[in-house]
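Undergrad: Model the following, please.
(2 chains)
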There are 2 protein chains.
Amino acid sequence: MLNRTLARQAVRSLAVSKIREVANAGMGRDGLLPFWFGEPDTVTPALIRAAGMASIDAGETFYAQNLGIPALRDALARYGARLHGGSHGRCAAENIAVTSSGMNALMLCEQALIAPGDRVVVVTPVWPNLVEGPRILGAEVVGLPLAFGPQGWQLDLQQLLDALTPDTRLLVVNSPNNPTGWTMPRGQQRAVLAHCRTHGIWILADDAYERLYFEGEPGVAVSPAFQDLGDEDDRLVTVNTFSKAWQMTGWRLGWITAPAALVKDLATLIEFNTSCAPTFVQRAGVVAVEQGEPIVASFVGRLKACRDFLVPRLQALPRIQAVSPPGAMYAFFRVEGMNDSLSFCKALAAEHGLGLAPGAAFGAEGEGYLRWCFAATEDRLDEGLRRLARAL
Amino acid sequence: MLNRTLARQAVRSLAVSKIREVANAGMGRDGLLPFWFGEPDTVTPALIRAAGMASIDAGETFYAQNLGIPALRDALARYGARLHGGSHGRCAAENIAVTSSGMNALMLCEQALIAPGDRVVVVTPVWPNLVEGPRILGAEVVGLPLAFGPQGWQLDLQQLLDALTPDTRLLVVNSPNNPTGWTMPRGQQRAVLAHCRTHGIWILADDAYERLYFEGEPGVAVSPAFQDLGDEDDRLVTVNTFSKAWQMTGWRLGWITAPAALVKDLATLIEFNTSCAPTFVQRAGVVAVEQGEPIVASFVGRLKACRDFLVPRLQALPRIQAVSPPGAMYAFFRVEGMNDSLSFCKALAAEHGLGLAPGAAFGAEGEGYLRWCFAATEDRLDEGLRRLARAL
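TA: Numbers count the residues shown, from 1 in each chain, chains lettered A, B, ... in the order given. Model (predicted):
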C-alpha cells in the first residue's frame, strides 16, 4: 500500500541531490578529503563575524523590514552601481530585495514569475537547484546544454535563441557557471537580451560567482553580467549571495536586483516565505559589502592559485580531460571510460577517501564528468590528486 | 500600458498586509505607541543571545544539514515528547525539520502538500499569511469563520465538518489563534481528526502560540494540540516557531513536526527554499529549548498579567465589546459603529498616536474589530487605553 503520508507526486519526483547521496555514503570514513560541496574551506572573516556578534549583543533581535534593513539595501545599491555601472537606473535601493540566502532569492523570483505550465529554459549542466525550483512551481523545464571541447565549455548561441521560443516565460543563466566555470561572453549576453526583449521573455541571472572570475581586466574581479546591460524596464532579475565572495555560506544571506515594480511584489512574497532575514545577519552583510573588497581580492587570488595548481595536474593524469575554468571554484573534468559518475564517486569516497561530486548531479549532460571544488589548501589538493591517480 | 515588469497576476492579487499599511502610515509620528505587530517588546534573553554569539565566534559559519543540526533536532524531539507525549511515535528526531522561521515552515508544508486547484479550508479570522501562502501555490482557499459572542470566539464544529468535503486536500488551523486567541477544545480536535482520517484530509496545525496559553492545568503552559492525538501515519503536520515563546522573532527559526516519510520530502524542499538555517541561529535554539522553560514561564505570567490589565479596561470603554482570550497575545475586540477598520486604524495612528491592527487584515470576518498586541508594559498599555478612549 502506498504510504499515505508522502508529499504530492510533483515533489516526490524532484531530484534528490546526488552530491548529498555521495557525501552521505562517504562521510563516516576517517581521513576523507571532501571536495564535493561548493563551499570555501575557510571560516567567515573575523571582521564580518564581529559585526554579527555586535548586533546580537546590542539586542537587534526584532523583526526586520521584508525587503531588508535600509543600511544593507543602500550598501548593495552602491555596490551594484560600482560593479555594474549606475547609468541605467537599476542600482537604487528600490531595486534591491534582501533575501534569506541566494537559494531563497531564486525561489522568490520563481514564485513571482512562474505559473504552472510555463516554459523555462535553463543552460546546463548546472547546479540542480536551478532546475528543481521551477519544477516545484509546475514549470516545464527545458535544458539547453553547453558543449565541451578543447577550448572548454561553449554555448551555441543560435541553439539557445532557437530554444527561446516566443512562448517561453523565463531563461535561467548561471554565469560563471556551477559546475563548469563557463562564463557567458558579453556578445552572447547582448544577443540574448535583445532576443528576450523582442519576445517579452524574463531573464533570471544567477550571478553567485560573479566575483570569482579570473579572466577579466586588471582591478576589481567581476565577470560580464546581464546587469551591465539591462535597463529599468527590462524583464531581468539578478540574484546573488554573500556565500561565495565573502565566505558566508552558513549565514544564509542573498539579494535580488530587479525592476522596482517587481521589487514591490517581491516584498509581498518575502512576507509569505521567510518574512525577513535576521537583522544581525544583515549587519554582517553591510560590513562585507562596504569593507570586504580586500577579502574578495585575497580570496580570488587564492582561488586562482588553487585552480592553477589543480588543473595542470589533473591534465597530467591518464584518462582525464580538463580545461582551466575562467570562473567559479570548480574543476569539472571528463574521465574517459566512466559512465556512471554516481557509483564512481561513491567508490572514490569509500575506497580511496576522496570526496568529489558526480557530474550526473548537474543534469544528464554532466554524466561522464566529476566536479572538484578547489577552494582548499595545496596540501589537500595534492593529496587528493594522489588518491585520484590511485583510483584511476 | 501595463507595466511589463510586474509579477504574474496570481502574485499581484495577493493581499498586501493591512497591518503594514497602517504601520507605514503612522510610523513617522513622534511618541506613537505601536501595538500593531505580533511581537513581544523585549529583546531575546541574554542566555539565548550568548549561544548565538559563541557559535559565530567559534567559526560555525558553514552550511548546516537541510533538516537542521542533529543537536537541535534531538532537543526538539525531546521537547515535543515532553509537551505532547511520546507514546504515539511522532516525537523522534526523524519527525523534525528545522526551518528558517515559522513562516518558512508553513510555506514548506504548503509546497509539499498543495497542488494547483486543491481545496484548502482555513479557520478564520486568521493571520493573513496562512491564507496567502496556499494562494501562491494555486490553491482554492475556503474560509470557515468563527463566531463572536459573549463567551468569546467559538467554532461551529458541524459547520467545519461540512466544509471539510471529501475532496478537501488540507485543513489549516491556528490554535491558539492569531488574532482572536480562540483555542480549539480537545473534543473538537478529536472530532476533526477522526473526520480527516476518514477522508484522507491533511491537517496543518500552526501551533506558534501553544505556549502562550493561560487556561490550562497548573504546571507547564501548553494548549491542547492535534499533536497530542496524532499517530505516525496520520496526515498531520505541526508547525512552530521560536519567535513567541522565547522572544526570538528576529532570529527566523522554526520547525515542523511531521510523519517521518514526509520529513524526507521536506528535506528536499528545504534544499530548494533556503537550504538550511544558520548553525549559529540553531545553537541559540538549542539553548532556548533545553534551558528556556523559566523564560517561557515568566513570559506567560507576564502576558497573563498584561491581558488581565488590558481587557477589563477595554470592556469599560464605550462602544467596545471585548472578551478575555484564552491564549496568544492579542485582544481582538469589536468597536460598535466602526465598519472600516483600516481607515479607523490609520486615523488612530495619525491623530491619536495609537498603533493598532485593523480587523480587516485578518479576513472579511475581522471587519469591525481591532487587534491589540498586549505584550507591553502596563504604563504603555495604560497610555494606549487613554488614547483609545479619547479617539472614541
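Undergrad: who in the stretch 251-392 of chain A is up against chain B?
TA: Residues of the stretch 251-392 of chain A lying close to chain B by CB under 8 Å from any CB of the partner chain are A:251-252, A:258-259, A:261-262, A:265-266, A:268-269, A:271-281. Using the backbone N, CA and C atoms, a C-beta is placed for each residue, glycine as well.
Undergrad: I'd like to know which elements whichever helix or strand A:Ala71 is part of is packed against.
TA: According to DSSP states H and E, A:Ala71 maps onto helix A:70-84. Counting contacts by 3 or more CB pairs under 8 Å, 6 or more residues apart in numbering or on different chains; DSSP states H and E, helix A:70-84 is packed against strand A:96-99, strand A:254-257, helix A:279-291.
Undergrad: and the ones you listed as CSV, adding mean neighbour count?
TA: Below are these laid out as CSV (neighbours: other CB atoms under 10 Å in any protein chain shown):
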stretch, mean neighbour count
strand A:96-99, 28
strand A:254-257, 28
helix A:279-291, 24
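Undergrad: so who does A:Gly152 touch?
TA: Contact analysis of A:Gly152 by CB atoms under 8 Å, 6 or more residues apart in numbering or on different chains lists A:Thr180, A:Gly181, A:Trp182, A:Val323, A:Ser324, A:Pro325, A:Pro326.
Undergrad: hmm, try it at 6 Å
TA: Under the criterion of CB atoms under 6 Å, 6 or more residues apart in numbering or on different chains, the contact list for A:Gly152 reads A:Val323.
Undergrad: Can you pull the phi and psi angles for it?
TA: Main-chain torsions, A:Gly152, degrees, to the nearest 10: phi 100, psi -160.
Undergrad: beta partners of it?
TA: A:Gly149 (DSSP bridges).
Undergrad: how near is it to A:Trp182?
TA: 7 Å (CB to CB, to the nearest Å).
Undergrad: Next one: the nearest residue to A:Asp167 once chain neighbours are set aside, what pLDDT does it get?
TA: Distances taken as CB to CB, 6 or more residues apart in numbering or on different chains put A:Arg119 closest to A:Asp167, at 5.9 Å, once the chain neighbours are dropped. Here, the pLDDT recorded for A:Arg119 equals 98.
Undergrad: Correct me if wrong: A:Arg119 contacts A:Pro166.
TA: No - at 10.0 Å, A:Arg119 and A:Pro166 do not qualify as touching, with contact defined as CB atoms under 6 Å.
Undergrad: For those two, indicate the residue with more neighbours.
TA: A:Arg119 (20 against 10; other CB atoms under 10 Å in any protein chain shown).
Undergrad: for that one, which residues make a bridge with it?
TA: With DSSP bridges as the rule, A:Arg119 is bridged to A:Glu140, A:Thr168.
Undergrad: In chain A, where's the longest helix?
TA: Ranked by number of residues, the top helix in chain A under DSSP state H is helix A:293-315.
Undergrad: before we move on, which element is A:Arg371 in?
TA: Element membership for A:Arg371, per DSSP H and E: strand A:369-373.
Undergrad: check contacts around A:Gly368.
TA: A:Gly368 makes contacts with A:Arg334, A:Asn339, as judged by CB under 6 Å, 6+ apart.
Undergrad: in chain A, which helix or strand is least confident?
TA: Lowest on mean pLDDT, DSSP states H and E among the helices and strands of chain A sits helix A:18-26, with a mean of 82.
Undergrad: and the angle for it with strand A:369-373?
TA: Angle, helix A:18-26 to strand A:369-373, by axes from the mean of the first three to the mean of the last three CA atoms, to 10 degrees: 80 degrees.
Undergrad: list the buried ones in helix A:18-26?
TA: Residues of helix A:18-26 classed as buried: A:Lys18, A:Ile19, A:Arg20, A:Val22, A:Ala23, A:Ala25, A:Gly26 (neighbour count, 16 or more other CB atoms under 10 Å in any protein chain shown).
Undergrad: sorry, back to before: and the next helix or strand after the longest helix of chain A, what does it pack against?
TA: Sequence-wise, the next helix or strand beyond helix A:293-315 is strand A:320-321, with elements assigned using DSSP H and E. Strand A:320-321 is packed against strand A:330-335, with contacts defined by 3 or more CB pairs under 6 Å, 6 or more residues apart in numbering or on different chains; DSSP states H and E.
Undergrad: What would the strand it packs on look like as PDB? C-alpha coordinates only.
TA: Listed next in PDB are the C-alpha coordinates belonging to strand A:330-335 (Å, rounded to 0.1, in the frame of the first residue of the first chain):
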ATOM      1  CA  TYR A 330      35.300  24.100  -9.600                       C
ATOM      2  CA  ALA A 331      37.200  21.900 -12.000                       C
ATOM      3  CA  PHE A 332      34.600  19.900 -14.000                       C
ATOM      4  CA  PHE A 333      36.500  17.300 -15.900                       C
ATOM      5  CA  ARG A 334      35.900  14.300 -18.100                       C
ATOM      6  CA  VAL A 335      37.000  10.800 -17.100                       C
END
